[in-house]
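Engineer: Build the 3D model from these lines:
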Amino acid sequence: SEATAEAEAEAEAEAETEAEAESGDPNGAGPGSSPDNGGDSGDSGDSGGAAGTPPQPPPLPSCASGNEGARVKHFGRYLEVMGKAVGMSWWLKKVKKVWPEPFNGGGLAMTPPMGFNPWNHFRCSGISEQVMLESADFFHARGLVDLGYTWLNIDDCWQLSERDSETGNMQVKRNNFTSGMDGLAAYAKSKGMKFGIYTSRGIRSCEGFAASYAYEDFDARLWESWGVEYVKNDNCFDMKRSDREKARAEARALRRTLQLPAFDETDEALPSRGYERMAAALSQLKHTRMLHSGKHSIDLDVAYKYLNTRRVGADLAPHWKDVVYAVQRSNYEAAAAHPGFWNDMDMMQFEKRLALEAQRAEFTMWCIQKSPLILGVDTQYLADNPETMAIVTNKEAIRINQDPLGVQAVCVKSTTTKARRRQRLRERAAGEKGGGVARPLEGVSEKGDTYGELDVYMGPLVDGAIAVALLNKSPDSAVISVSWEELGLATRRQMTVHNIWAGPEEPNDYPMVCELSATVVGEGAAFFRLTPVKHSRRGLGHGRV
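Structural biologist: Predicted coordinates for the structure are as follows:
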């Protein structure tokens, strides 16, 4: 009953309060909290001695016994490996265990691609040559190219609906792109960028224009001649068998007329065939090699054989629920990511409909989950909003995304707030009464489902450090904590904590042991880099950020 559920919730809350009282911190931060975050400073912060001397941080926390029983809840073979060591030597073993013959991307995309794509903001009606040129100018002039944003990718609607009847080639909409795709590719190169193009594996693109089914070899050679180096192969218009057979017959006749060699026409009516044929066509070329799929279009056991990046879900909109959806979808498939193949969470959108803290959280999660960093935003918005510009140009965040170890972070802990726990207990009671299946209150499932609102993501880096993101999916501020054991670290291991989003006046790069704890705003995230301390003095750590 509702009364019973409420009583259970209250009892659980009281138990938590008692546990917190025993640890000495009613806010759940643990012993050793810094004074400006509600901890006990001991002497009102005036422990620095001479006037003007800054107060000394409290001593390193004593590792409360409540942390000793914590264990990482591994899911799948991926966490089985990651949870045991924070280092590098196990990485090749992990790849061999999960993927017997891992595709290395043909030596491409050894780190997640970075760049620009206009689709999520401009859509079909707004994509034009002017947008592409102005975006290339902006990326070059504002230093984004120097940071690694080197891809200038066109999306759907650059092409006409019909192919050239004599050559079989796709045709450019010359009224929107007077310089043609080769002109855009040349301009991108002049700005230090590389050009990418769009197609679909079906008979038509997602907007109904010409696509690549049965013409993969034609298109690959054409794009190579234009200077294209990246192909987005979307997942639309997989039409009925008679339409596919008609398309293959037309392409076969054209090959005979042009005296071109026959191409693989095997039709298994599977999405993988379109990607397999395109990958085979691109593999014969010198420059046009990078291959990407759209709209969660191909199973992982096939994708890693042919693709460099693969979309994990639907198109992203500038709403918090869309950000959370992409984060969860990517967490399901974290084990697949490795140098040469990445889980694409879609082009990022930063607009006024997404609050600044939510924008920062979006960039945090795209970086730590090793998604391609492709900006799908109007560059004028970046020019007018320096706070957003500071987010996408944060060198420390980008450094984690581009870490050469290439391990995607995963959720190792998911908890819920007290208010939400009470609500879920009531929902559980109502569901059980109605015969429904009770949803867990918190935790991470073997599949990678995160049931709470307060999530901790962790991933190792090439230098032995680890990246940690504290994600608050709820609308209210909350303290999020994670113990060293939950991160796979020895309890007394001393780590230097670097706050990626710290302001210039905020303390940074300080040693900690036992746990990391921070207050995170609602619909926001905190982002840290933890580096092992080899030689350090005791008594210099903060207990809480």
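Engineer: In the stretch 251-400 of the chain, mark out all the helices, start to finish.
Structural biologist: Taking DSSP state H, counting those that start in this stretch as the criterion, the stretch 251-400 of the chain carries its helices at 271-283, 300-306, 320-332, 356-368, 379-384, 386-392, 395-401.
Engineer: what comes into contact with the host helix or strand of residue 244?
Structural biologist: Assessed by DSSP states H and E, residue 244 sits inside helix 241-257. Helix 241-257 is contacted from outside by 168, 203, 213-215, 218, 260-263, 265, 267, 269, using C-beta atoms under 8 Å, 6 or more residues apart in numbering. Where you see a C-beta, it was placed from the backbone N, CA and C, and this is true even at glycine.
Engineer: Now residue 153. Its backbone dihedrals?
Structural biologist: Dihedral pair for residue 153: phi -110, psi 120, per degrees, to the nearest 10.
Engineer: By residue count, tell me the biggest strand in this structure.
Structural biologist: Taking DSSP state E as the criterion, the chain has its longest strand at strand 524-532.
Engineer: Pull the residues that contact that strand.
Structural biologist: The contact list for strand 524-532 (C-beta under 8 Å, 6+ apart) reads 357-358, 360-361, 364-365, 367-368, 396-397, 400, 461, 463-472, 480, 487, 493-501, 512, 516, 518, 520, 545.
Engineer: ok so residue 470 is a helix residue?
Structural biologist: No - under DSSP: H, G, I helix; E, B strand; the rest coil, residue 470 falls outside any helix and is assigned strand.
Engineer: count of neighbours near it?
Structural biologist: Residue 470: 27 surrounding residues under other C-beta atoms under 10 Å.
Engineer: which residues does it form a beta bridge with?
Structural biologist: residue 456, residue 526 (DSSP bridges).
Engineer: That one touches residue 518, doesn't it?
Structural biologist: Yes - here residue 470 reaches residue 518: they are 5.7 Å apart, a contact under C-beta atoms under 8 Å.
Engineer: Could you tell me which residues touch both of the two?
Structural biologist: Joint contacts of residue 470 and residue 518 (C-beta under 8 Å, 6+ apart) are 480, 526.
Engineer: Next one: the closest residue to residue 358 other than its chain neighbours from residue 318, what distance?
Structural biologist: If the residues on either side of it in the chain are set aside, residue 358 comes closest to residue 523, at 5.0 Å by C-beta to C-beta, 6 or more residues apart in numbering. As judged by C-beta to C-beta, to the nearest Å, residue 523 and residue 318 stand 13 Å apart.
Engineer: confidence score at the most centrally placed residue in the chain?
Structural biologist: Most central in the chain under C-alpha atoms, centre = their mean is residue 366, positioned 2.9 Å from the mean C-alpha point. Confidence at residue 366, expressed as pLDDT, is 98.
Engineer: re the thing from before, how near is the residue nearest to residue 358 to residue 177?
Structural biologist: For residue 523 relative to residue 177 (C-beta to C-beta), the value is 39 Å.
Engineer: And for residue 279?
Structural biologist: When distance is defined by C-beta to C-beta, residue 279 is 27 Å away from residue 177.
Engineer: Compare these two (neighbour count), which wins?
Structural biologist: Of the pair residue 279 and residue 177, residue 279 is the one with more neighbours under other C-beta under 10 Å, namely 22 against 19.
Engineer: Now, of the contacts of strand 524-532, which are buried?
Structural biologist: Among the contacts of strand 524-532, the ones that count as buried by 16 or more other C-beta atoms under 10 Å are 357-358, 360-361, 364-365, 367-368, 396-397, 400, 461, 465-472, 480, 487, 493-501, 512, 516, 518, 520, 545.
Engineer: what kind of secondary structure is residue 405 in?
Structural biologist: Taking three-state DSSP as the rule, one finds residue 405 in the coil state.
Engineer: Do I have it right that it meets residue 460?
Structural biologist: Yes - Residue 405 is within contact range of residue 460, at 6.5 Å (criterion: C-beta under 8 Å).
Engineer: Verify the stated contact: residue 347 with residue 122.
Structural biologist: No - Residue 347 is beyond contact range of residue 122, at 10.9 Å (criterion: C-beta under 8 Å).
Engineer: So for these two, which sits in the more crowded spot?
Structural biologist: Taking neighbours as other C-beta under 10 Å, residue 347 and residue 122 compare with residue 347 leading, 24 against 19.
Engineer: And that one, how close does it get to residue 111?
Structural biologist: 18 Å.
Engineer: and if you look at residue 251?
Structural biologist: In terms of C-beta to C-beta, residue 251 sits 36 Å off from residue 111.
Engineer: swap in residue 356?
Structural biologist: The gap separating residue 356 from residue 111 is 27 Å, by C-beta to C-beta.
Engineer: do residue 308 as well
Structural biologist: 11 Å.
Engineer: Tell me which of those two has more neighbours.
Structural biologist: Neighbours per residue, other C-beta under 10 Å: of residue 308 and residue 111, the larger number sits with residue 308, 28 against 18.
Engineer: And for the residue nearest to that one when sequence neighbours are not counted, the neighbour number?
Structural biologist: Computed as C-beta to C-beta, 6+ apart, the closest residue to residue 308 that is not its neighbour in sequence is residue 109, at 4.0 Å. Residue 109 has 23 neighbouring residues, counting by other C-beta under 10 Å.
Engineer: Thanks again, I'm all set now.
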